[in-house]
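Q: One predicted model, sequence on top.
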Amino acid sequence: MTVQDKPVTASVPPRQSLPGRLVAFVRNTWRGLTSMRTALVLLFLLALAAIPGALLPQRSLNEQKVAQYIANRPTLGPWMDRFELFDVFASFWFTAIYVLLFISLVGCILPRTVDHYRALRTPPVRAPRNLSRLPHHYSGTAEQAPDDVLAHVRKELRGWRTEVRPGDRDGELTLAAEKGYTRELGNLVFHLALVGLLIAIAVGKLFGYEGSVIVIANNGPGFCTTSPAVFDSFKAGNVNDGTGLAPICVRVKDFKADYLTNGQAEMFTSNIEYQSGADLQNNTWRSTRIQVNHPLRVAGDRIYLQGHGFAPTFTVTFPNGQARTETIQWRPDDAMTFLSSGVLRIDPPGGMYATDEERRKNQIAIEGLFAPTALFHGSLMTSSYPAMTDPAVAVDIYRGDTGLDTGRPQSLFALDTEQVKQGRLVKEARVNLRPGESTSLPNGTKVTFDGAQEFVNLQVSHDPAQQWVLVSAVTMMLGLLVSLLVKRRRIWVRVYPAEDAAGTLDKRRTVVELGGLARTDQAGWGSEFDRLRTRLLDTRPDSAADAKTTGE
């Protein structure tokens, strides 16, 4: 009779429920995110993402340069702006990498901290059965009992974590010693300090603020940090609306720039006066000096000297004899010679004209170049040196409607070209002037160049976590040094009575087996093992005295 085998059907595991799959997905995602490999990849991506912030102009530093960069690249520039390449450190993608790195570091550090705590409470590893298989080993005899040899070894291993256990032979003892736990501690301190650094930077971005203002030197009007409106540019933190600024008043007494013979700037120095706190009530001015990278620190804020330039002064005398004098900063276009460009707009005095329309038709605009050390090639002017030794201007003078009453925003350094194209603003003169020289317009208006003042660009910065950034950075370096310099190593010592010629145990002589293992590959461990072996096996009672005598 033939028995027909039944077909074998493979068992199919039951399909996991949707909540189970969701839990598994979250668990696997968390494990992947908190792995050290992911943290290293995110750290590399963060460094890579910071490259555009160093190579491309950033709005937070120079918005005009960003606008010019986009204008020069009408196709590529707007797309770069959409991907926030001009606001790298505030972009969504840089923030995403930053947050993921923070989460990954925390997820990596916490389990390692628990493991390190458990390792500190765990006795050293038992001695291997065959110590001769270790990279560093030694075997010999000592003319002392096993207990005495082991007592000497424990004394010499002061500072090591040790554990003595009985062995397999009769009278055998083993000692396990381990040292270098601070290596892992330094590694943990490094990563914890890195997390602290990220937190400190984030706190500074959330609660800090930063404002820049241009101030005319030589006892100009100065400024007071009463509101963001006093700054030329102001950037508040994400949870800071610009109110509640620390009240500080500053005025600039003078400015000095030191240059090399080739015109390269060497140092900028400015003497200033300031008020803060009770000084505002007593109207007390305190004097100090600020330089590049040497700011004034007061009321939790820092006042930096960022740059400087020149502010030409013009006096416009109208046909009825009334005069107006204005000084305004012009933009340095050449960083080596400080050839600067700008514009100055002057409105006629009130009551000079019967109607506003007639007044607007007689506004004066002066646009052109300023050279601190003028060099003329015919009628063309340039600058040969950044210091103000022979100042001059090359300007176009316009009369008409400058657009001040239109309500449209205008550049501080250029005229509204639409006003010129529409004929509302007409050029009436083009001249080169030195200090004290003047020119007259057809309607009798006289324009005089009076010289120039220097201005400084001051930045007021508030970062409540700045000290913690420094502390975290220093702690990171210390933790890194400890993790690199400290070696994790283990020593095992096995002692047991030696046998005499008859095969009986001689408890006055001891067989000593010594083995060593470095937890990490590091040069120098072999020589250290040899020195340690010599010290551990020198069991003579008078060895210390002999060493002292030899040293003398």
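A: Noted; the coordinates are in hand.
Q: Okay, now the unreliable bits of the stretch 401-550 of the chain?
A: In the predicted model of the stretch 401-550 of the chain, residues 501-506, 519-525, 538-550 satisfy pLDDT under 70.
Q: which stretches of it form helices?
A: Secondary structure of the stretch 401-550 of the chain (DSSP state H, counting those that start in this stretch): helices at 417-421, 466-485, 525-536, 543-551.
Q: For burial, what's the neighbour tally of Gln322?
A: Gln322 has 13 neighbours, counted by other C-beta atoms under 10 Å. Every residue, glycine included, has its C-beta placed from N, CA and C.
Q: All further residue positions should be reported with the first residue as 23.
A: In the new count, where the first residue is 23, that last one comes out as Gln344.
Q: That one against Ile368, yeah?
A: No: contact between Gln344 and Ile368 fails when scored by C-beta atoms under 8 Å: they sit 11.2 Å apart.
Q: Check the separation of the first and last residues in stretch 354-370.
A: 28 Å (C-alpha to C-alpha, to the nearest Å).
Q: List of residues touching it?
A: 285-286, 331-332, 334, 336, 338, 340, 344, 346, 348, 350-353, 381, 384-395, 404-408, 424, 426, 433-437 (C-beta atoms under 8 Å, 6 or more residues apart in numbering).
Q: can you give me the strands in the stretch 123-272 of the chain?
A: For the stretch 123-272 of the chain, strands defined by DSSP state E, counting those that start in this stretch occupy the ranges 158-164, 183-188, 195-201, 231-238, 245-246, 255-258, 270-281.
Q: just how off-centre is the helix or strand hosting Leu327 within its chain?
A: Element membership of Leu327 [criterion: DSSP states H and E] is strand 323-339. Computed by C-alpha atoms, centre = their mean, to the nearest Å, the chain-centroid distance of strand 323-339 equals 28 Å.
Q: how far off helix 488-507 does that strand point, in degrees?
A: 130 degrees (axes from the mean of the first three to the mean of the last three C-alpha atoms, to 10 degrees).
Q: Downstream of strand 323-339, the next helix or strand is which one?
A: Next along from strand 323-339, by DSSP H and E: strand 345-349.
Q: just the strands in the stretch 373-522 of the chain please.
A: Going by DSSP E, counting those that start in this stretch, the stretch 373-522 of the chain shows strands at 385-393, 396-399, 402-405, 414-422, 447-455, 460-462, 468-484, 511-521.
Q: Note down every partner strand of the second one and its orientation.
A: Pointing back at strand 396-399 there. With DSSP bridges as the test, strand 396-399 is paired with strand 402-405 (antiparallel).
Q: And for the first one?
A: Each strand that strand 385-393 pairs with, and the sense of that pairing, follows from DSSP bridges: strand 362-368 (antiparallel), strand 414-422 (antiparallel).
Q: Tell me how far Val88 lies from Met102.
A: Distance of Val88 to Met102, computed by C-beta to C-beta, to the nearest Å: 10 Å.
Q: between the two, what contacts are shared?
A: In contact with both Val88 and Met102: Phe108, using C-beta under 8 Å, 6+ apart.
Q: Comparing those two, which shows the higher neighbour count?
A: The neighbour count for Val88 versus Met102, taken as other C-beta under 10 Å, is higher for Val88 (21 against 16).
Q: contacting residues around the more buried one?
A: Contacts here follow C-beta under 8 Å, 6+ apart; on that basis Val88 touches Pro79, Gln80, Arg81, Phe108.
Q: go again using 10 Å as the cut-off
A: Residues near Val88 by C-beta atoms under 10 Å, 6 or more residues apart in numbering: Leu78, Pro79, Gln80, Arg81, Ser82, Gly99, Met102, Asp103, Leu107, Phe108, Asp109.
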